[in-house]
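> I'll drop the sequence and a predicted model, then ask my questions.
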There are 2 protein chains.
Amino acid sequence: MALPTRVKIVEVGPRDGLQNEATTIPTDVKLTLIDMLGEAGLHTIEATAFVSPKWVPQMADHADVMRGLKRRPHVAYPALVPNMKGFEAALEAGCEEIAIFTAASESFCQKNINCSIDESFERFAPVVDAALEKNIKVRGYVSCVLGCPYEGDIKPAAVAEVAQRLHQIGCYEVSLGDTIGVGTPIAAKKMVEAVARLVPLKQLAAHFHDTYGQAMANLFAVMELGIATIDSSVGGLGGCPYAKGASGNVATEDVVYMLQGMGRETGVNLNKLIDASAYINSYLRRTPNSKVANALLAKRG
Amino acid sequence: MALPTRVKIVEVGPRDGLQNEATTIPTDVKLTLIDMLGEAGLHTIEATAFVSPKWVPQMADHADVMRGLKRRPHVAYPALVPNMKGFEAALEAGCEEIAIFTAASESFCQKNINCSIDESFERFAPVVDAALEKNIKVRGYVSCVLGCPYEGDIKPAAVAEVAQRLHQIGCYEVSLGDTIGVGTPIAAKKMVEAVARLVPLKQLAAHFHDTYGQAMANLFAVMELGIATIDSSVGGLGGCPYAKGASGNVATEDVVYMLQGMGRETGVNLNKLIDASAYINSYLRRTPNSKVANALLAKRG
């Protein structure tokens, strides 16, 4: 039950966060944000999504973002890719790591990406094959691991099965998403325990939303099981599309604060991270959805 | 390491929360809030503070609040009492339970209540004696158990010593306050472990602020040690006086959501609690400082 000594943070703000914004964010603002996040010491920054602009207009500039990156050594800039067309566009733009996504809930999969879970695997199987052939790393996302807006509770075994399939087809890491933030610590632990029976713990990531204020407790709980990779979003970017006005992603600042307070290595400079949070939130004309950012920015005056 | 099956929530919103408000809140608004909290199933509701109106103007109506309570069976309405004068006024107003307070940090004690920790004990020793003689229960608060705005880190042994003194003079419960919300889970556990060596665990309460977003994780961590009493504030009422714009008390709604999600008994009806939160936040013309309240109110539409 020892907490991991090092924790890898996967920063998802520029993609998972910004994709939910109503206003179009200029490419140079995104690139500046990504650069500031790299400067803060984040080593994995999800940069964009090669999805249809009809589906996610906020990511229409994916190729410009990918091409415009001021790449830093030892920093990965994965992009979300839904199908072969997206993969080819990502590849052409110089993408070196991709992420694919499915769900642990059939209803959510249908409503979110318009296919069954099985069909989602059929759809991205050629993508994964093509990527691995070109030595491009593939990360897998599973949505609704602690609950579904349509089905309610999701069985840990269902999550484990989908996670295992992602692992078996070649994903180097499987990110377990509490998409609607309904999980609580015991449920989070049970889910991770079930998944860890089929996929090695160090290849799992916790991607917990804070819609009901549970993300930090849930993260601590699964770190107690050995989870050492956490997805989070600078400034808590990305609201919850299932409850307007509610929170989505847990804030990177709050996660880093907890990890530093517990003496865990993250490689992140909290002050520089706050700079990045202040930058994007100033652009968006709002206060960060991060308690740490607000407390520390209040102290800066 | 089993979590407690039942958790007692001490609702501190009407006192610890409202005392930090800038605008004067009418007595009848406070009484309505307290009544709604009782209706929601909270069994301990800190109602007011018999402190000088010069010191805390928001609590100037303490006697009216205490006399105006629509008392429910099996609900306690403790009041904060700093000295003999306050105790006598509380008694006269019909108060049946009091709370006294000191700190684990000498500097904080000096700046907050203008005396040393030893002097604080001298000051409330006669209060405790008089209360116990009249069968009035006394609760003790310790501030700064995980950090002090003036001294920084606070040693667990220093917290344990002060907690033990409160227990020894007759406090039936000692509430351990992370006044500035700087604690993280491992530190919270170490502190509770140190205190529990000197004071029985079931006589300890966790009173954690969410200034840096750590309260929920810290609460889960200390529940793993057996802590079964949690102080919280409806709607997260009560900002942080040490960082303007930052959060203070953890929100009761978020705590109840976690406990219910983990199958722990609290006796609280979450929907009615949201009603109470909506009521006071509507009066204050702002959104609750509770993720659960915001998510559920958004769903109500």
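Received the coordinates, thanks.

> Only C-alpha atoms from now on, for both contacts and neighbour counts.
Noted.

> Do I have it right that A:Ala47 meets A:Tyr77?
Yes: if you go by C-alpha atoms under 8 Å, A:Ala47 and A:Tyr77 touch, sitting 5.5 Å apart.

> between those two, who's got more neighbours?
More neighbours surround A:Ala47 than the other of A:Ala47 and A:Tyr77, with 26 against 23 (other C-alpha atoms under 10 Å in any protein chain shown).

> Quick check: the more buried one vs A:Thr32, distance?
Here A:Ala47 is placed at a distance of 11 Å from A:Thr32 (C-alpha to C-alpha, to the nearest Å).

> same thing with A:Glu96?
For A:Glu96 relative to A:Thr32 (C-alpha to C-alpha), the value is 20 Å.

> How about A:Lys54?
Taking C-alpha to C-alpha, one finds A:Lys54 at 25 Å from A:Thr32.

> Give the closest residue to the residue of the stretch 201-301 of chain A found nearest chain B in space, chain neighbours not counted.
Residue of the stretch 201-301 of chain A nearest chain B, by C-alpha to the nearest C-alpha: A:Ala217 (3.7 Å). Closest residue in space to A:Ala217, ignoring its immediate chain neighbours: B:Ala217 at 3.7 Å, by C-alpha to C-alpha, 6 or more residues apart in numbering or on different chains.

> Please name the residues that touch the one you found.
B:Ala217 makes contacts with A:216-220, B:184-185, as judged by C-alpha atoms under 8 Å, 6 or more residues apart in numbering or on different chains.

> what's the pLDDT at it?
Note on B:Ala217: pLDDT of 98.

> how about A:Glu151, what does it touch?
By C-alpha under 8 Å, 6+ apart, the contact set of A:Glu151 is A:105, A:107-108.

> at 7 Å what do you get?
A:Ser107 (C-alpha atoms under 7 Å, 6 or more residues apart in numbering or on different chains).

> What backbone torsions are found at it?
phi -100, psi -10 (degrees, to the nearest 10).

> same question, A:Ile180
Dihedral angles of A:Ile180 (phi, psi; degrees, to the nearest 10) stand at phi -110, psi 10.

> for A:Thr102, same thing?
Residue torsions, per degrees, to the nearest 10, at A:Thr102 are phi -150, psi -170.

> Could you measure from it over to A:Ile113?
For A:Thr102, the distance to A:Ile113 - C-alpha to C-alpha - is 8 Å.

> These two: which is more packed in?
A:Thr102 (28 against 16).

> How about that one: what's its closest non-neighbour residue?
A:Thr102 sits nearest to A:Val142 (C-alpha to C-alpha, 6+ apart), 5.2 Å away.

> Now do the SS call for that neighbour.
strand (DSSP: H, G, I helix; E, B strand; the rest coil).

> and if you look at A:Leu176?
Using three-state DSSP as the criterion, the local structure at A:Leu176 reads strand.

> what about it, how many neighbours?
So A:Leu176, with other C-alpha under 10 Å, has 29 neighbours.

> How much space separates it from B:Arg72?
With C-alpha to C-alpha as the criterion, A:Leu176 and B:Arg72 are 45 Å apart.

> One more: A:Thr102?
Counting by C-alpha to C-alpha, the gap from A:Thr102 to B:Arg72 is 51 Å.

> And A:Leu91, by the same measure?
Relative to B:Arg72, and taking C-alpha to C-alpha, A:Leu91 is found at 67 Å.

> more neighbours, the two?
It is A:Leu91, of A:Leu91 and B:Arg72, that has more neighbours when counted by other C-alpha under 10 Å, with 19 against 12.

> Tell me the spacing between that one and chain B.
Computed as C-alpha to the nearest C-alpha, to the nearest Å, the A:Leu91 to chain B distance reads 39 Å.

> Can you list phi and psi of that residue for me?
Main-chain dihedrals, A:Leu91, degrees, to the nearest 10: phi -60, psi -50.

> So for it, what's the pLDDT?
97.

> Spell out which residues of the stretch 101-250 of chain A are next to chain B.
The stretch 101-250 of chain A comes close to chain B at residues A:184, A:186, A:211-214, A:216-217, A:220, A:243-246, as judged by C-alpha under 7 Å from any C-alpha of the partner chain.

> Return the subset of the residues you listed lying in helices.
Secondary structure from DSSP state H places A:186, A:216-217, A:220 of those in helices.

> circling back: for the residue nearest to A:Thr102, which residues are in contact?
When contacts are counted by C-alpha under 7 Å, 6+ apart, A:Val142 touches A:101-104, A:163, A:175-177.

> give me every residue that touches A:Lys272.
A:Lys272 makes contact with A:Ala40, according to C-alpha under 7 Å, 6+ apart.

> Okay, now the unreliable bits of the stretch 201-301 of chain A?
Scanning the stretch 201-301 of chain A for pLDDT under 70 picks out the ranges A:242-243.

> Strands of that one, residue ranges please.
A:204-208, A:229-232 (DSSP state E, counting those that start in this stretch).

> ok, now the stretch 51-200 of chain A?
In the stretch 51-200 of chain A, the strands defined using DSSP E, counting those that start in this stretch lie at A:79-80, A:97-103, A:137-143, A:173-178.

> Centre of the chain to the shortest one, how far?
When distances are taken as C-alpha atoms, centre = their mean, to the nearest Å, strand A:79-80 is centred 10 Å away from the chain's centroid.

> which other residues reach it?
Contact with strand A:79-80 is made by A:46-50, A:97-100, as judged by C-alpha under 7 Å, 6+ apart.

> rerun at 6 Å
A:46-49, A:98-99 (C-alpha atoms under 6 Å, 6 or more residues apart in numbering or on different chains).

> how about a markdown table for those residues, with distance to B:Asp64 and pLDDT added?
Output for those, formatted as a markdown table (distance: C-alpha to C-alpha, whole Å; pLDDT from 0 to 100):
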| residue | distance to B:Asp64 | pLDDT |
| --- | --- | --- |
| A:Glu46 | 57 | 98 |
| A:Ala47 | 58 | 98 |
| A:Thr48 | 59 | 97 |
| A:Ala49 | 60 | 96 |
| A:Ile98 | 64 | 98 |
| A:Ala99 | 61 | 98 |
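
> I'd like the residues you listed as TSV, with distance to B:Thr252 appended.
Putting the contacts of strand A:79-80 into TSV (distance: C-alpha to C-alpha, whole Å) gives the following:
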residue	distance to B:Thr252
A:Glu46	34
A:Ala47	37
A:Thr48	37
A:Ala49	38
A:Ile98	41
A:Ala99	38
